[in-house]
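Asks: From the sequence below, what's the structure:
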Amino acid sequence: MTTSDSARFRSGPFRWGDRVQITGPKGKMNTITLEKGKVFHTHRGGIPHEGIVGIPDGSVIANDSGIPHLVLRPLLTDFVMGMPRGAAIIYPKDAQAILGQADIFPGARVVEAGVGSGALSLWMLRAIGERGHLFSFERRQEFADVAAANGMTYFGSAPENWTITVGDLQESLPQVVDAGTADRVVLDMLAPWECVDAVAEALVPGGVVLCYVATVTQLSRTVEAFRASERFTHPVSSETMIRGWHVEGLAVRPEHRMIGHTGFLMTARLLAPGAQLPELKRRASKSDFGDEDVETWTPGALAERQVSDKVLRKRIRVAEDSARLSADSHEPTQ
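Replies: Below is the predicted model of the structure:
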């Protein structure tokens, strides 16, 4: 099933297997999958799933204690924040910035590494549409399994325009994607500077590479590596922060809490073969580095967060169960 085929299941009355977001009177949200015979319970009453099936999206339904609850289909933002995770996800604020800064467009051929839990993959699959193709690379089979299951849950079946390859990007990319055919490359990994040559071979001239890194040392090493290759435009770096506002009548003020730093985005574009980039006039700075600097840039010094095997196995089971329910609900009825 293509992403456009499954899109029709994201609207209309609720049906068995749909993901539903239930919001109580105090604003607490819970996301469930509609299953026959099940009841959504809170300490103030329950709502049978069969009472939700068939009613329109955006309805208000009372539980068995008469307390009203709002029921909506989760937005993609809601889905990725609540889906099972193998690895940490790219948050919506960064995913949205990536779509814009990498200029992900309908019909694009996009390379992604690594796939993690599949959060960014879902955003990009929707952006490229059925004419595009997403090639995702992940070193760990467990993470790839979680991502694939989350994709099946969201789309109702495995998207035909999504290829997940388990393996190292530098080794696997030339075997999966022909040279000079990728429109965009998005790297979410510890050491993107190791993949400069592989990315340059895969991209079309003018194609965009975007790297998502967490620390300033990673950002520095990545920028210098792409700059030193002399095959890309001057890298541009940024980060995205979001501050909400409290607005009630004349009480208008910033929220006390905001979504601050999560990662840096670096973008560059591939030059045409033989093209020499005009040199930028820059102020003097410490652009040279030695072995002691490189040591702080190594993946071992970056403290990669590990997920225990027990927790990961549980998350895989949850993701696969959710994918099975979603797939079953979208099978054609006789």
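Asks: Quick one: classify residue 15 as helix, strand or coil.
Replies: Assigned state for residue 15: coil (three-state reduction, DSSP: H, G, I helix; E, B strand; the rest coil).
Asks: Now the phi/psi pair for it, please.
Replies: Here is the backbone geometry of residue 15 (degrees, to the nearest 10): phi -140, psi 160.
Asks: and if you look at residue 113?
Replies: Main-chain dihedrals, residue 113, degrees, to the nearest 10: phi -150, psi 130.
Asks: Where is the longest strand in the chain?
Replies: With secondary structure taken from DSSP state E, the chain has its longest strand at strand 203-213.
Asks: For the helix ranked longest in the chain, name the packing helices and strands.
Replies: Assignment by DSSP state H gives helix 309-329 as the longest helix of the chain. Under the contact criterion of 3 or more Cβ pairs under 8 Å, 6 or more residues apart in numbering; DSSP states H and E, helix 309-329 touches strand 29-33, helix 141-155. C-beta here means a position set from N, CA and C on the backbone, and glycine is covered the same way.
Asks: Reformat those as a markdown table; add mean pLDDT and distance to residue 318.
Replies: Output for the helices and strands packed on helix 309-329, formatted as a markdown table (pLDDT from 0 to 100; distance: least, Cβ to Cβ, whole Å):
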| stretch | mean pLDDT | distance to residue 318 |
| --- | --- | --- |
| strand 29-33 | 90 | 11 |
| helix 141-155 | 91 | 9 |
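Asks: Now do the same for the spatially closest residue to residue 214 that is not a sequence neighbour: its pLDDT.
Replies: Closest residue to residue 214 apart from its sequence neighbours, by Cβ to Cβ, 6 or more residues apart in numbering: residue 263 at 5.1 Å. Confidence at residue 263, expressed as pLDDT, is 93.
Asks: Near residue 263, how many residues? Count them for me, please.
Replies: Number of residues near residue 263 (other Cβ atoms under 10 Å) recorded here: 20.
Asks: go on, residue 60?
Replies: Neighbours of residue 60 (other Cβ under 10 Å): 10.
Asks: what helices or strands is the helix or strand where it lies leaning on?
Replies: Per DSSP states H and E, residue 60 falls inside strand 59-62. Applying 3+ Cβ pairs under 8 Å, 6+ apart, one finds that strand 59-62 contacts strand 68-72.
Asks: As CSV, could you dump the C-alpha coordinates of the longest helix of the chain?
Replies: Output of helix 309-329 as CSV, limited to C-alpha atoms (Å, rounded to 0.1, in the frame of the first residue of the first chain):
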residue,chain,number,x,y,z
ASP,A,309,18.1,-5.5,25.7
LYS,A,310,15.1,-6.2,28.0
VAL,A,311,13.6,-2.8,27.4
LEU,A,312,14.2,-3.0,23.7
ARG,A,313,12.6,-6.4,23.4
LYS,A,314,9.5,-5.1,25.1
ARG,A,315,9.3,-2.0,22.8
ILE,A,316,9.7,-4.3,19.8
ARG,A,317,6.7,-6.4,21.0
VAL,A,318,4.6,-3.3,21.6
ALA,A,319,5.4,-1.9,18.2
GLU,A,320,4.7,-5.1,16.3
ASP,A,321,1.4,-5.7,18.2
SER,A,322,0.3,-2.2,17.3
ALA,A,323,1.4,-2.8,13.6
ARG,A,324,-0.6,-6.0,13.5
LEU,A,325,-3.8,-4.4,14.8
SER,A,326,-3.5,-1.6,12.3
ALA,A,327,-2.8,-3.9,9.4
ASP,A,328,-5.7,-6.2,10.3
SER,A,329,-8.1,-3.2,10.5
